[in-house]
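>>> Next input, structure requested:
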Amino acid sequence: MSVATWRTARRMLALWFRRSRVRLATMGRGFWIAVGVIAAAAGAVAVLGGFAPAHREEAPLAQLEPGEAHVNKQLSATVLSAELTDDPDLFLGDDEQALIVRLELVNPWTQPLSPEDAISEVMTFDPVPEQRPDRATRADGGPLGWLQPGVVTPATLRWDVPAGSVEPGSTLHVTFSDGRLRQLEVLGDEWTWDDHTPVAELDVPVDDRTGMTE
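Numbers count the residues shown, from 1 in each chain. I've put the predicted structure just below:
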């Protein structure tokens, strides 16, 4: 930038500032009082947290009982019972016990669902070593296949846990979550469930069946 151009720019900037001061100076006293009141009010609102994001109270979880179904658009699940056993027919490891949960599953959607994915996304169990069970079978002991739409499927979940990690006669806490169905952008005919939010819970008594078989 040449010296002449720089000087011209400085003169134009100085002229703009002078005109701005004249405009502000000619405004009435009432205008400045109003500005002061607005500024004071804004400051008070800020101090009181009025500009902070609104905090939404989370809705309490619905309380269910064993045998009562939780139904959403992805999965209908009914927890029937839970038990702790050391049955030798289960071929448990040394100092292991089996936590067994019996439930009924229904796929309310229009496409088959992977039971492992649906259960792990909709239900969480406490206390268990990992959320995915060591075994998931049909009630008759056969493999738990894909959940077909509208078909009631009795199922059994089994966790092999260290002896003493689950207290006999305690309760198993189950939390249910609802998700959102989303179409994958890359694969237009593929869908997934995500954004799961807890909405319901229940406590299931754990029946003590340890030491009942030899």
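>>> Got phi/psi on residue 88?
The phi and psi torsions at residue 88 (degrees, to the nearest 10) take the values phi -60, psi -20.
>>> Going forward, count from 452.
Sure, I'll start counting at 452 from here, so that last one is residue 539.
>>> That one - how many residues pack around it?
Applying other Cβ atoms under 10 Å, we find 9 other residues in the vicinity of residue 539. To be clear about C-beta, it is placed using only N, CA and C from the backbone, and glycine gets the same treatment.
>>> Residue 570 now?
Counted with other Cβ under 10 Å, the burial measure for residue 570 works out to 24 neighbours.
>>> Wasn't it part of a helix?
Yes - with DSSP: H, G, I helix; E, B strand; the rest coil as the criterion, residue 570 is part of a helix.
>>> Let me see the ranges of the strands in this protein.
Secondary structure of the chain (DSSP state E): strands at 513-515, 520-522, 527-536, 547-557, 574-577, 586-589, 603-613, 622-634, 642-660.
>>> So in that sheet, which strands flank the second one, and in what orientation?
Which is strand 520-522. Taking DSSP bridges as the criterion, strand 520-522 sits next to strand 527-536 (antiparallel) in its sheet.
>>> For the partner strand, which residues meet the burial criterion?
By neighbour count, and taking 16 or more other Cβ atoms under 10 Å as the criterion, the buried residues in strand 527-536 are 527-530, 533-536.
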